[in-house]
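# 3D model of this:
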Amino acid sequence: MDPDEPSTLYSIIDIQRRNRYLQNDFPSFTVHYRPFHIGNELPRKIRGHILSLKGGRHMEFFGYEDDSDFPLIIASTQGRSMETPPNAFQGFVLRRFESGNFVCGYCYFVRSRKTAEELLAHDPLGKIGIMSRSEIIGRLEGEIPTIERILDDLRKFGESDGTRMLRL
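Numbering: from 1, shown residues only. Next up, the predicted model:
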């Protein structure tokens with residue numbers, strides 16, 4: 001990975017209407033990710049619930065990592081129609097990092113026609129982890145032709161003070 005290029009965590013999130021593992025009727029999610037580098041180890045999982053806020057224009061993801069119980073919170077736009085999920089949306093992430101600090105940053109979700117299991121089994125889409133911008137573009141441009149524009153938009157979305165991540 002080029003140290004002069006911004007790094008980004010590429011992960012796969014599975015959103016379900018209901019998850020029996022979490023034992024209730026709220027919409028739920030499971031994030032599959034590798035925090036440090038791409039390797040052969042199994043992905044870690046973050047599980048949680050999604051709450052649609054008043055009017056359905058925004059939603060909150062509340063979850064925890066299975067291995068550590070570290071919290072994850074994502075606030076994002078949902079779109080105006082609750083009947084049709086958006087194909088792509090941005091969000092803001094607050095999470096406890098492996099080093100013990102809380103970090104925040106921006107995220108971008110892109111809807112796939114494949115299931116999370118299909119994506120995780122796919123080469124190269126299933127290779128998740130922290131990557132450079134060029135690695136993500138090379139990996140996803142066949143599946144998501146607009147990935148370069150998406151990454152540019154995400155960077156613009158987070159450029160209020162020139163930082164990509166803030167430790168709290």
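# find the nearest non-adjacent residue to E65, please.
Leaving aside its chain neighbours, E65 sits nearest to I46 (4.9 Å; criterion: CB to CB, 6 or more residues apart in numbering). Heads up, the C-betas are built off the backbone N, CA and C, glycines and all.
# show me what counts as buried in the helix or strand where that neighbour lies.
I46 is part of strand 44-52, with elements assigned from DSSP states H and E. Under the neighbour-count criterion of 16 or more other CB atoms under 10 Å, strand 44-52 has 44, 46-50 buried.
# same question for the one helix or strand L151 maps to, mean pLDDT?
Assigned by DSSP H and E, L151 belongs to helix 147-157. Per-residue pLDDT over helix 147-157 has a mean of 79.
# which elements pack onto it?
Packed against helix 147-157 by the contact rule (3 or more CB pairs under 8 Å, 6 or more residues apart in numbering; DSSP states H and E) you find strand 88-96, strand 102-110, helix 133-140.
# tell me which of those sits nearest to R17.
Closest approach to R17 among the helices and strands packed on helix 147-157 is made by strand 102-110 (16.5 Å; CB to CB).
# ok, back up a step: isn't the residue nearest to E65 up against D67?
No - look at I46 against D67 with CB atoms under 8 Å: they stay out of range, at 9.6 Å.
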